[in-house]
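*Asks:* next one to model:
(chains A and B)
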Number of protein chains: 2
Amino acid sequence: MNPVKIAIMGYGNLGRGVELALRQNPDLKLTTFFTRRDPDTLKTLTPDVPVYHVDKALEMKDEIDVMIICGGSATDLPKQSPMYAKYFNIVDSFDTHANIPQHFDAVDASAMEGNKVALISAGWDPGMFSLQRLLCNCVLPQGHDYTFWGKGVSQGHSDAIRRVEGVQDAKQYTVPVQSALDKVRAGENPEFTTRQKHTRECFVVAKEGADKEKIKNEIINMPNYFADYDTTVTFITQEELDRDHGGIPHGGFVMRSGVTGVNGEMKQMIEYSLKLDSNPEFTASVLVCCARAVNRMNKEGMKGCKTIFDVPPAYFSPKSGAQLRKELL
Amino acid sequence: MNPVKIAIMGYGNLGRGVELALRQNPDLKLTTFFTRRDPDTLKTLTPDVPVYHVDKALEMKDEIDVMIICGGSATDLPKQSPMYAKYFNIVDSFDTHANIPQHFDAVDASAMEGNKVALISAGWDPGMFSLQRLLCNCVLPQGHDYTFWGKGVSQGHSDAIRRVEGVQDAKQYTVPVQSALDKVRAGENPEFTTRQKHTRECFVVAKEGADKEKIKNEIINMPNYFADYDTTVTFITQEELDRDHGGIPHGGFVMRSGVTGVNGEMKQMIEYSLKLDSNPEFTASVLVCCARAVNRMNKEGMKGCKTIFDVPPAYFSPKSGAQLRKELL
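*Replies:* Residues are numbered from 1 along each chain as shown, chains lettered A, B, ... in the order given. Model (predicted):
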């Protein structure tokens, strides 16, 4: 079997995660990096794989089976995914939930035109969490579902703190409220306010001479980001931040509390959880098995934009149907 | 939209569960019961739906979109599923793991001949648990996975106890060992013996004058069923058994403890769990959403035997792709 030829577009935390995840999947072969930087300056973990400038990408469209686009959802993916889906099978991790329908339409038009398959919004949320939400809603149509995030680092919230005057550096953790999790597990079907589901823990390095009380007030009252939450702010040194808060852990819970029976007398509880030391590496691992599925779907003649909802799960695996039935069913 | 016409073949706990689950899914309509008993003696919860003897089934093949076969895996399904898959789209819950490949082949031959779709081994294990095992293996190829069952009633083990001389009635619970779950969650990647993963709790009603010590010894030393486990036997009255152990709860855990990174330095943990007040009603709920998928697959021209690994998850839902992307992705 010839391995599937994979290109990585963009080399930040996610691109590096894809590079590492591909090492765990021998049926997939990393053949190309694309970067917007000067290719000669890019130091990858796999020096024998060539690095090209993005301007060379279209010239190489026949040498690549799937391109995994590792850009950000704010400005990169809305441009890159529709642009490349015409020429390549692609996978992206577009995660701005509210804009998914619009992104889907743009990518679909492009992939249909190019007879390619594009899988968008892969990762864990959107991604594996979405798939769990779908499955548990289908199995238990009468019920309530809940998604909790954390404990984990929110990059967006950490960035927001760093923009506060007097802040040198910061890390923000989203933390699910234990008593809220317990209420759901007990089948109480609670209705939560934003404040009741998650707390926000901020570790902040203040610049020398900065007014810490003012920083704290500005953070906890920040609209959208912190005002609706119980937020704690802890000032620490840069050394402590680097030593104790250097990782990018995350995780969370998808739960469905449903009922069956003549009068809903039987409680049926489904819970899915992730506890991740590295958020970008886990996301990357999902992208990689999606790339395998995308290649197979395109080889079978499919085209257009897909999501994780559209993929027969066996397509994520390198094993045959008979093997899967024997080993995992 | 015309609702999908569903027939239930066999009316025990599972068939009744399907009957109830269909009430939660207005796009699916229960139109027919088939039974091996005298149809006039069958008291269903839905008296306006006609009950026919199984001998009438083939005559009605054009009036039914999907038949959900609710027989047992030991003797019913190995005959019924291949027999009916030639004439009907079917769903079954065949759960003898070791014989799935053989069952698949028999059903596939029949469904291919009849241009029908047959989905076998739906439920929670095999079924939702299998799907979770597949997904977590694909996302984290380097790791260990674990399936724990319980706390829940094992019908097979309860039956085995009832066959012991001097036993009037019995109920057996399979219980996962808490310290084993904790070791997995801690990422220790333990290797377990059978005894270390589950205990077995037996509640037994002895016949009058029976030798309880002898019964207990016979149970705990029973090969295959109990000898490899730490088993507790508690003697209670029939009244206590009926009052406190009348339900059929079950559940369990699928966990994968994987690693990513340059040298596997990042631990990534996935956990899926079910806590079910009613095992047969949950299984039935899975069968019902599989019936929706089977109908759609057949309408799209597919045929042959499928498992939950082969179904695009969106097919389990009555909602459109656009709705699902908007609401659940």
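
*Asks:* only C-alpha atoms for contact and neighbour calcs from this point on.
*Replies:* OK.

*Asks:* now the spatially most central residue of chain A, nearest residue through space, not along the chain?
*Replies:* The central residue of chain A, meaning the one whose C-alpha is nearest the mean C-alpha position (Cα atoms, centre = their mean), is residue A:123 at 3.6 Å. Counting by Cα to Cα, 6 or more residues apart in numbering or on different chains, residue A:123 lies nearest to residue A:283, which is 4.4 Å off, once chain neighbours are set aside.

*Asks:* need the contact list for that neighbour.
*Replies:* Residues in contact with residue A:283 (Cα atoms under 8 Å, 6 or more residues apart in numbering or on different chains) are A:14, A:17, A:93, A:122-124.

*Asks:* got phi/psi on the residue nearest to the centre of chain A?
*Replies:* Note on residue A:123: backbone dihedrals following degrees, to the nearest 10 are phi 140, psi -140.

*Asks:* residue A:67 and residue A:86 touch, don't they?
*Replies:* No - under the criterion of Cα atoms under 8 Å, residue A:67 is not in contact with residue A:86, lying 11.6 Å apart.

*Asks:* show me which of those two is the more surrounded one.
*Replies:* residue A:67 (29 against 22; other Cα atoms under 10 Å in any protein chain shown).

*Asks:* what about the residue in the stretch 101-250 of chain A positioned nearest to chain B, how many residues nearby?
*Replies:* Shortest the stretch 101-250 of chain A-to-chain B distance, computed as Cα to the nearest Cα: residue-wise this is residue A:130, at 4.7 Å. By other Cα under 10 Å, 25 other residues sit near residue A:130.

*Asks:* from the chain's centroid, how far away is the longest helix seen in chain A?
*Replies:* If each helix of chain A is counted by residues according to DSSP state H, the longest one is helix A:279-299. Taking Cα atoms, centre = their mean, to the nearest Å, one finds helix A:279-299 lying 12 Å from the centre of the chain it belongs to.

*Asks:* model confidence over it, on average?
*Replies:* Taken as a whole, helix A:279-299 has an average pLDDT of 98.

*Asks:* buried ones in that helix?
*Replies:* Counting neighbours by 16 or more other Cα atoms under 10 Å in any protein chain shown, one finds that the buried residues in helix A:279-299 are A:279-298.

*Asks:* just the strands in chain A please.
*Replies:* Assigned strands in chain A, in chain order: A:4-9, A:28-35, A:51-53, A:66-69, A:89-91, A:117-119, A:143-149, A:152-153, A:167-176, A:198-206, A:230-235, A:250-260, A:266-276, A:304-306 (criterion: DSSP state E).

*Asks:* mind listing what's buried along stretch A:313-324?
*Replies:* Judged by neighbour count using 16+ other Cα under 10 Å, the buried positions of stretch A:313-324 are A:313-318, A:321, A:324.

*Asks:* so how far is it off the chain centroid?
*Replies:* Here stretch A:313-324 is found 23 Å from its chain centre; the criterion is Cα atoms, centre = their mean.

*Asks:* does chain B sit close to that stretch?
*Replies:* Yes - taking Cα under 8 Å from any Cα of the partner chain as the criterion, stretch A:313-324 and chain B are in contact, through A:313-314, A:316-317, A:322, A:324.

*Asks:* for residue A:73, give its distance to chain B.
*Replies:* Counting by Cα to the nearest Cα, to the nearest Å, the gap from residue A:73 to chain B is 15 Å.

*Asks:* sorry, that was for residue A:5
*Replies:* Here residue A:5 is placed at a distance of 18 Å from chain B (Cα to the nearest Cα).

*Asks:* check residue A:52 too.
*Replies:* Shown here: residue A:52 relative to chain B, a distance of 23 Å by Cα to the nearest Cα.

*Asks:* which residues does that residue contact?
*Replies:* Contact criterion Cα under 8 Å, 6+ apart gives A:32-35, A:39 as the residues in contact with residue A:52.

*Asks:* repeat that for 10 Å
*Replies:* Applying Cα atoms under 10 Å, 6 or more residues apart in numbering or on different chains, we find residue A:52 in contact with A:9, A:32-40, A:42, A:60.

*Asks:* likewise residue A:234?
*Replies:* When contacts are counted by Cα under 10 Å, 6+ apart, residue A:234 is found next to A:170, A:201-205, A:212, A:216.

*Asks:* and which of those is nearest to residue B:2?
*Replies:* Of all those, residue A:201 has the smallest distance to residue B:2: 52.1 Å, by Cα to Cα.

*Asks:* picking that back up, the contacts of residue A:283 in helices, which ones?
*Replies:* Judged by DSSP H, the contacts of residue A:283 include A:14, A:17 as members of helices.

*Asks:* including pLDDT, could the contacts of residue A:283 go into a markdown table?
*Replies:* Output for these, formatted as a markdown table (pLDDT from 0 to 100):
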| residue | pLDDT |
| --- | --- |
| A:14 | 97 |
| A:17 | 98 |
| A:93 | 97 |
| A:122 | 98 |
| A:123 | 97 |
| A:124 | 97 |
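
*Asks:* surely residue A:65 is in contact with residue A:2?
*Replies:* No - counting by Cα atoms under 10 Å, residue A:65 does not reach residue A:2; the two are 11.2 Å apart.

*Asks:* tell me where the stretch 101-250 of chain A is predicted with low confidence.
*Replies:* Across the stretch 101-250 of chain A, nothing is flagged by pLDDT under 70.

*Asks:* show me which residues of it are close to chain B?
*Replies:* Applying Cα under 10 Å from any Cα of the partner chain, we find that the stretch 101-250 of chain A lies next to chain B at A:101-102, A:104-105, A:121-123, A:125-142, A:185, A:247, A:249-250.
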